[in-house]
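Q: Turn this into a model:
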Amino acid sequence: MPVIDGYEATRRLRALGNNTPIIGLTAVLSPEARAKGLAASMNEFFEKPLEPATLKDLIDRYPAR
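A: Numbers count the residues shown, from 1 in each chain. This is a model prediction of the structure:
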């Protein structure tokens with residue numbers, strides 16, 4: 001993202017009280033990146049590409065509100 005990264009965007013959304021599920025995606029998943037995403041209050045954190053079946057399972061975990 002050009003101005004802020006996904007970690008900061010997640011922190012800002014959570015600070016505003018937004019509890020919409022957030023799934024972080026990265027090109028290279030490391031234990032540090034995963035920990036940083038979860039610490040920013042992302043609900044899930046995965047490496048791209050995400051298989052369609054995995055994406056469907058993720059969406060099914062978070063029912064529409």
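
Q: only C-alpha atoms for contact and neighbour calcs from this point on.
A: Will do.

Q: in stretch 22-35, what counts as buried?
A: By neighbour count with 16 or more other CA atoms under 10 Å, stretch 22-35 contains the buried residues I22, I23, G24, L25, T26, A33, R34.

Q: Which pair of those residues spans the longest distance?
A: Spatial extent of the buried residues of stretch 22-35 (CA to CA) is set by the pair I22 and A33 at 14.9 Å.

Q: Which residues does stretch 53-64 contact?
A: Contact with stretch 53-64 is made by P21, as judged by CA atoms under 8 Å, 6 or more residues apart in numbering.

Q: As a check, name the ranges of all helices in the protein.
A: 6-15, 31-39, 52-61 (DSSP state H).

Q: Pull the last one out as PDB, backbone CA atoms only.
A: Coordinates of the C-alpha atoms in helix 52-61 are reproduced here as PDB (Å, rounded to 0.1, in the frame of the first residue of the first chain):
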ATOM      1  CA  PRO A  52      -9.500 -21.200  -3.600                       C
ATOM      2  CA  ALA A  53     -10.500 -23.900  -1.200                       C
ATOM      3  CA  THR A  54      -8.500 -22.300   1.600                       C
ATOM      4  CA  LEU A  55     -10.100 -18.900   0.900                       C
ATOM      5  CA  LYS A  56     -13.600 -20.500   0.900                       C
ATOM      6  CA  ASP A  57     -12.800 -22.100   4.300                       C
ATOM      7  CA  LEU A  58     -11.600 -18.700   5.700                       C
ATOM      8  CA  ILE A  59     -14.700 -16.900   4.500                       C
ATOM      9  CA  ASP A  60     -17.000 -19.600   6.000                       C
ATOM     10  CA  ARG A  61     -15.300 -19.100   9.400                       C
END
